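# Sequence first, then the predicted structure, then my questions.
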Amino acid sequence: MAPSTPDSKSWDVQPADPKRALADDAYDDCLSCRVTGSAAFIGLGVYSYYSGMKNLSTQEKAIMQGATKYKMGSRRLGIASISAALVGLGVWRAIN
């Protein structure tokens, strides 16, 4: 059996046009991946807001009696910020 000659283009380390090579290498998600990912982030944001606020209202008396300087306002802001960030990630995932 005779050895085969390698194709010279398959062994090129640097492509002829780097911008074209980067454009060909671009990754694009399928529609179902985008929908699933965005729905997961948005759902997680809504759930974290709902469960966080419910937990805060349940524990309000103990929080107000505590010695910490972080009372209800800052805790609500923290929950709202995390939830908004997760929903924002879901919207960004759906668009991009």
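Received, thanks.

# Let me see the ranges of the strands in this protein.
With DSSP state E, there are no strands along the chain.

# Can you show me the helices along it?
Taking DSSP state H as the criterion, the chain carries its helices at 18-24, 31-58, 60-65, 72-95.

# Output the shortest one in CSV, but only the C-alpha positions, please.
Extracted C-alpha coordinates of helix 60-65, given in CSV (Å, rounded to 0.1, in the frame of the first residue of the first chain):
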residue,chain,number,x,y,z
GLU,A,60,-40.3,40.7,58.8
LYS,A,61,-40.8,40.7,62.6
ALA,A,62,-37.6,38.9,63.3
ILE,A,63,-35.7,41.1,60.8
MET,A,64,-37.0,44.3,62.3
GLN,A,65,-36.0,43.1,65.9
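
# what is the mean pLDDT for it?
The pLDDT scores in helix 60-65 average 85.

# Quick check: which ranges of this structure have low pLDDT?
1-15, 26 (pLDDT under 70).

# Same list, the helices of the chain, but as CSV with mean neighbour count please.
Yep, even glycine has a C-beta here, placed from its N, CA and C like the rest. As requested, these are exported to CSV (neighbours: other Cβ atoms under 10 Å):
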stretch, mean neighbour count
helix 18-24, 9
helix 31-58, 14
helix 60-65, 10
helix 72-95, 14
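
# from the chain's centre, how far out does stretch 35-45 sit?
In this view, stretch 35-45 has its centroid 9 Å away from the chain centroid, taken as Cα atoms, centre = their mean, to the nearest Å.

# which residues sit in contact with the residue nearest to Leu44 when sequence neighbours are not counted?
Distances taken as Cβ to Cβ, 6 or more residues apart in numbering put Leu86 closest to Leu44, at 5.1 Å, once the chain neighbours are dropped. Leu86 makes contacts with 41-42, 44-45, 48, as judged by Cβ atoms under 8 Å, 6 or more residues apart in numbering.
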